[in-house]
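A.B. asks: Mind folding the following:
(one chain, ligands or ions: 1)
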Amino acid sequence: MLTTQNLSYTYASGTALKFPDISLEEDEDLLILGASGVGKTTLLHLMGGLLKPDSGSITLANQGIQKLSQRKMDTFRGEHIGIVFQKAIFIQSLSVIDNIKAKLFFTETTLSTEDITSLLTTLNLVDKKDSLVQKLSEGQKQRLSIAIALSNKPKLILADEPTASLDDLNAKNVITLLLSEARKQKANLVVITHDHRIKEYFSKTIEL
Ligand SMILES: Nc1ncnc2c1ncn2[C@@H]1O[C@H](COP(=O)(O)OP(=O)(O)OP(=O)(O)O)[C@@H](O)[C@H]1O
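C.D. replies: Numbering: from 1, shown residues only. Sure, this is the predicted structure:
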(Lines give C-alpha, C1' and ligand atoms only; values in the text may rest on other atoms or scores of the structure.)
Protein backbone atom coordinates (compact mmCIF):
# COMPACT_ATOMS: atom_id res chain seq x y z
CA MET A 1 0.00 0.00 0.00
CA LEU A 2 1.36 3.40 -1.03
CA THR A 3 0.06 6.85 -0.12
CA THR A 4 1.50 10.29 -0.73
CA GLN A 5 0.10 13.53 0.64
CA ASN A 6 0.86 17.18 -0.11
CA LEU A 7 4.25 16.44 -1.67
CA SER A 8 6.40 19.32 -2.84
CA TYR A 9 10.02 19.66 -3.87
CA THR A 10 12.16 22.67 -4.80
CA TYR A 11 15.48 22.35 -6.63
CA ALA A 12 18.37 24.62 -5.62
CA SER A 13 17.86 26.38 -8.98
CA GLY A 14 14.46 27.55 -7.71
CA THR A 15 12.23 25.20 -9.74
CA ALA A 16 9.34 24.48 -7.35
CA LEU A 17 7.15 21.41 -7.91
CA LYS A 18 3.91 20.32 -6.21
CA PHE A 19 2.38 16.89 -6.73
CA PRO A 20 -1.14 15.46 -6.58
CA ASP A 21 -1.86 12.94 -3.79
CA ILE A 22 -1.57 9.24 -4.58
CA SER A 23 -3.33 6.36 -2.82
CA LEU A 24 -2.84 2.77 -3.96
CA GLU A 25 -4.28 -0.33 -2.32
CA GLU A 26 -2.29 -3.56 -2.37
CA ASP A 27 -2.37 -4.94 -5.94
CA GLU A 28 -3.15 -1.54 -7.49
CA ASP A 29 -0.95 -0.01 -10.17
CA LEU A 30 -0.60 3.53 -11.40
CA LEU A 31 0.51 5.22 -14.61
CA ILE A 32 1.77 8.79 -14.18
CA LEU A 33 1.67 10.74 -17.43
CA GLY A 34 3.00 14.18 -18.17
CA ALA A 35 4.91 16.27 -20.66
CA SER A 36 8.67 16.73 -20.46
CA GLY A 37 9.75 18.81 -17.47
CA VAL A 38 6.54 18.61 -15.39
CA GLY A 39 8.28 16.65 -12.64
CA LYS A 40 7.68 12.94 -13.34
CA THR A 41 11.23 11.81 -12.53
CA THR A 42 11.30 14.06 -9.46
CA LEU A 43 8.12 12.41 -8.17
CA LEU A 44 9.56 8.95 -8.83
CA HIS A 45 12.74 9.88 -6.96
CA LEU A 46 10.66 11.17 -4.03
CA MET A 47 8.68 7.91 -3.90
CA GLY A 48 11.92 5.93 -4.06
CA GLY A 49 13.46 7.96 -1.24
CA LEU A 50 16.24 9.23 -3.51
CA LEU A 51 15.08 12.80 -2.80
CA LYS A 52 13.51 14.15 0.39
CA PRO A 53 10.35 16.25 -0.03
CA ASP A 54 10.22 19.84 1.31
CA SER A 55 6.75 19.05 2.59
CA GLY A 56 4.29 16.20 2.67
CA SER A 57 4.47 12.49 3.39
CA ILE A 58 5.05 9.19 1.61
CA THR A 59 3.83 6.04 3.35
CA LEU A 60 4.85 2.57 2.22
CA ALA A 61 4.55 -0.64 4.23
CA ASN A 62 3.21 1.48 7.14
CA GLN A 63 6.40 3.55 7.22
CA GLY A 64 6.53 7.32 6.65
CA ILE A 65 9.66 7.24 4.52
CA GLN A 66 10.21 11.01 4.48
CA LYS A 67 11.17 10.73 8.17
CA LEU A 68 13.95 8.20 7.65
CA SER A 69 17.64 9.11 7.84
CA GLN A 70 19.65 8.54 4.65
CA ARG A 71 21.11 5.31 6.04
CA LYS A 72 17.74 3.95 7.17
CA MET A 73 16.21 5.00 3.84
CA ASP A 74 18.88 3.05 1.95
CA THR A 75 18.13 -0.05 4.03
CA PHE A 76 14.36 0.45 3.61
CA ARG A 77 14.75 0.85 -0.16
CA GLY A 78 16.86 -2.31 -0.30
CA GLU A 79 14.08 -4.23 1.44
CA HIS A 80 10.94 -2.75 -0.08
CA ILE A 81 11.51 -0.80 -3.30
CA GLY A 82 12.70 -1.80 -6.77
CA ILE A 83 13.51 0.90 -9.30
CA VAL A 84 13.76 0.43 -13.07
CA PHE A 85 15.81 3.47 -14.08
CA GLN A 86 15.51 5.13 -17.49
CA LYS A 87 19.22 4.46 -18.04
CA ALA A 88 20.25 1.38 -16.14
CA ILE A 89 23.75 1.18 -14.75
CA PHE A 90 25.35 -2.26 -14.67
CA ILE A 91 28.75 -3.60 -13.72
CA GLN A 92 29.84 -4.24 -17.31
CA SER A 93 32.62 -6.66 -16.45
CA LEU A 94 30.27 -8.99 -14.55
CA SER A 95 27.82 -11.56 -15.91
CA VAL A 96 24.04 -11.16 -15.82
CA ILE A 97 23.67 -13.37 -12.74
CA ASP A 98 26.56 -11.67 -10.92
CA ASN A 99 24.98 -8.24 -11.54
CA ILE A 100 21.86 -9.52 -9.76
CA LYS A 101 23.95 -11.01 -6.95
CA ALA A 102 25.81 -7.69 -6.58
CA LYS A 103 22.53 -5.84 -6.12
CA LEU A 104 21.39 -8.42 -3.56
CA PHE A 105 24.71 -8.10 -1.72
CA PHE A 106 24.36 -4.32 -1.45
CA THR A 107 20.74 -4.52 -0.33
CA GLU A 108 21.55 -7.32 2.11
CA THR A 109 18.83 -9.49 0.56
CA THR A 110 19.17 -13.22 0.08
CA LEU A 111 17.73 -15.06 -2.91
CA SER A 112 18.71 -18.59 -3.80
CA THR A 113 20.40 -19.31 -7.13
CA GLU A 114 17.23 -21.29 -8.02
CA ASP A 115 15.07 -18.20 -7.38
CA ILE A 116 17.38 -16.01 -9.47
CA THR A 117 17.29 -18.59 -12.27
CA SER A 118 13.51 -18.68 -12.07
CA LEU A 119 13.35 -14.85 -12.27
CA LEU A 120 15.66 -14.91 -15.31
CA THR A 121 13.48 -17.59 -16.91
CA THR A 122 10.38 -15.40 -16.47
CA LEU A 123 12.23 -12.51 -18.07
CA ASN A 124 13.45 -14.68 -20.97
CA LEU A 125 17.07 -14.12 -20.00
CA VAL A 126 18.07 -17.44 -18.52
CA ASP A 127 20.18 -18.47 -21.51
CA LYS A 128 22.22 -15.28 -20.97
CA LYS A 129 22.79 -15.74 -17.26
CA ASP A 130 26.54 -16.28 -17.64
CA SER A 131 27.02 -13.70 -20.42
CA LEU A 132 28.82 -10.45 -19.73
CA VAL A 133 26.44 -7.51 -19.56
CA GLN A 134 28.43 -5.67 -22.22
CA LYS A 135 27.43 -8.41 -24.70
CA LEU A 136 23.67 -7.99 -24.22
CA SER A 137 21.31 -6.32 -26.69
CA GLU A 138 19.42 -3.19 -25.56
CA GLY A 139 16.23 -5.21 -25.01
CA GLN A 140 18.12 -7.80 -22.96
CA LYS A 141 19.72 -5.02 -20.88
CA GLN A 142 16.30 -3.60 -20.20
CA ARG A 143 14.97 -6.98 -19.08
CA LEU A 144 18.03 -7.32 -16.82
CA SER A 145 17.27 -3.93 -15.25
CA ILE A 146 13.75 -5.23 -14.53
CA ALA A 147 15.21 -8.46 -13.06
CA ILE A 148 17.49 -6.41 -10.80
CA ALA A 149 14.60 -4.20 -9.69
CA LEU A 150 12.47 -7.26 -8.88
CA SER A 151 15.20 -9.33 -7.23
CA ASN A 152 14.63 -8.01 -3.70
CA LYS A 153 10.88 -8.87 -3.99
CA PRO A 154 9.87 -5.22 -3.48
CA LYS A 155 6.52 -3.97 -2.23
CA LEU A 156 6.81 -1.01 -4.60
CA ILE A 157 8.15 -1.18 -8.16
CA LEU A 158 8.96 2.19 -9.71
CA ALA A 159 9.69 2.38 -13.43
CA ASP A 160 10.98 5.50 -15.17
CA GLU A 161 9.98 5.64 -18.87
CA PRO A 162 10.40 1.87 -19.37
CA THR A 163 8.96 1.95 -22.91
CA ALA A 164 10.31 5.24 -24.25
CA SER A 165 12.66 3.76 -26.81
CA LEU A 166 10.67 0.63 -27.66
CA ASP A 167 8.50 -0.30 -30.63
CA ASP A 168 4.82 -1.14 -30.02
CA LEU A 169 5.36 -4.87 -29.55
CA ASN A 170 8.26 -4.53 -27.13
CA ALA A 171 6.49 -1.73 -25.24
CA LYS A 172 3.51 -4.07 -24.75
CA ASN A 173 5.82 -6.93 -23.68
CA VAL A 174 7.64 -4.82 -21.10
CA ILE A 175 4.47 -3.39 -19.59
CA THR A 176 2.64 -6.72 -19.41
CA LEU A 177 5.75 -8.25 -17.85
CA LEU A 178 5.99 -5.51 -15.20
CA LEU A 179 2.27 -5.79 -14.45
CA SER A 180 2.31 -9.58 -14.16
CA GLU A 181 5.42 -9.54 -11.94
CA ALA A 182 3.83 -6.87 -9.73
CA ARG A 183 0.73 -9.09 -9.33
CA LYS A 184 2.84 -12.18 -8.59
CA GLN A 185 4.83 -10.31 -5.92
CA LYS A 186 1.75 -8.47 -4.55
CA ALA A 187 3.55 -5.19 -5.20
CA ASN A 188 2.35 -1.76 -6.33
CA LEU A 189 3.69 -0.84 -9.75
CA VAL A 190 4.11 2.87 -10.55
CA VAL A 191 5.20 3.75 -14.08
CA ILE A 192 6.04 7.29 -15.14
CA THR A 193 6.00 8.12 -18.82
CA HIS A 194 5.03 10.48 -21.59
CA ASP A 195 4.17 7.41 -23.69
CA HIS A 196 0.37 7.43 -24.13
CA ARG A 197 0.50 4.03 -25.93
CA ILE A 198 0.63 2.23 -22.58
CA LYS A 199 -2.39 4.00 -21.03
CA GLU A 200 -4.73 1.14 -21.96
CA TYR A 201 -2.88 -1.29 -19.66
CA PHE A 202 -3.59 0.71 -16.50
CA SER A 203 -6.93 1.18 -14.76
CA LYS A 204 -5.53 4.07 -12.72
CA THR A 205 -3.71 7.01 -14.30
CA ILE A 206 -2.85 10.56 -13.27
CA GLU A 207 -1.61 13.39 -15.45
CA LEU A 208 0.91 15.80 -13.92
N1 LIG B 1 19.00 18.45 -10.61
C2 LIG B 1 18.20 19.43 -10.97
N3 LIG B 1 18.50 20.73 -10.67
C4 LIG B 1 17.70 21.73 -11.00
N5 LIG B 1 16.51 21.58 -11.65
C6 LIG B 1 16.15 20.32 -11.97
C7 LIG B 1 16.98 19.19 -11.66
N8 LIG B 1 16.36 18.08 -12.09
C9 LIG B 1 15.21 18.48 -12.66
N10 LIG B 1 15.07 19.83 -12.59
C11 LIG B 1 13.95 20.63 -13.10
O12 LIG B 1 12.77 20.20 -12.45
C13 LIG B 1 11.70 20.11 -13.38
C14 LIG B 1 11.16 18.69 -13.40
O15 LIG B 1 12.16 17.81 -13.88
P16 LIG B 1 11.87 16.24 -14.05
O17 LIG B 1 13.13 15.62 -14.57
O18 LIG B 1 11.30 15.73 -12.80
O19 LIG B 1 10.75 16.26 -15.20
P20 LIG B 1 10.19 15.09 -16.11
O21 LIG B 1 8.72 15.29 -16.19
O22 LIG B 1 10.66 13.77 -15.60
O23 LIG B 1 10.87 15.40 -17.51
P24 LIG B 1 11.31 14.40 -18.71
O25 LIG B 1 10.05 13.74 -19.21
O26 LIG B 1 11.92 15.32 -19.72
O27 LIG B 1 12.30 13.40 -18.15
C28 LIG B 1 12.24 20.56 -14.73
O29 LIG B 1 11.91 21.92 -14.89
C30 LIG B 1 13.74 20.39 -14.59
O31 LIG B 1 14.43 21.34 -15.37
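A.B. asks: Okay, Ile100 and the ligand: tell me how far apart.
C.D. replies: Separation of Ile100 from the ligand (CB to the nearest ligand atom, to the nearest Å) stands at 27 Å. C-betas here are computed from N, CA, C, even on glycine.
A.B. asks: same thing with Glu108?
C.D. replies: 29 Å.
A.B. asks: my guess is that residue is in a helix, correct?
C.D. replies: No. When DSSP: H, G, I helix; E, B strand; the rest coil is applied, Glu108 is found to be coil, with no helix at that position.
A.B. asks: hang on, it packs against Gly78?
C.D. replies: Yes. With contacts counted by CB atoms under 8 Å, Glu108 reaches Gly78, the gap being 6.1 Å.
A.B. asks: Surely Ser145 is in contact with Ile83?
C.D. replies: No. Using CB under 8 Å, Ser145 makes no contact with Ile83, being 9.1 Å away.
A.B. asks: Now do the contacts for the closest residue in space to Val133 that isn't next to it in sequence.
C.D. replies: Distances taken as CB to CB, 6 or more residues apart in numbering put Phe90 closest to Val133, at 4.4 Å, once the chain neighbours are dropped. Residues in contact with Phe90 (CB atoms under 8 Å, 6 or more residues apart in numbering) are Asn99, Val133, Lys141, Leu144, Ser145.
A.B. asks: Just the helices from this structure, written as ranges.
C.D. replies: 40-47, 70-80, 96-106, 113-122, 138-150, 168-184 (DSSP state H).
A.B. asks: For Glu181, the count of nearby residues, please.
C.D. replies: Using other CB atoms under 10 Å, Glu181 has 20 neighbouring residues.
A.B. asks: Show me which residues of this structure sit near the ligand.
C.D. replies: Tyr11, Ser13, Thr15, Gly34, Ser36, Gly37, Val38, Gly39, Lys40, Thr41, Thr42, His194 (CB under 6 Å from any ligand atom).
A.B. asks: Report pLDDT for the last one.
C.D. replies: Spelled out, it's His194. On pLDDT, His194 comes in at 88.
A.B. asks: Make sure it is actually in contact with Leu31.
C.D. replies: No. Between His194 and Leu31 there is no contact under CB under 8 Å: 10.9 Å.
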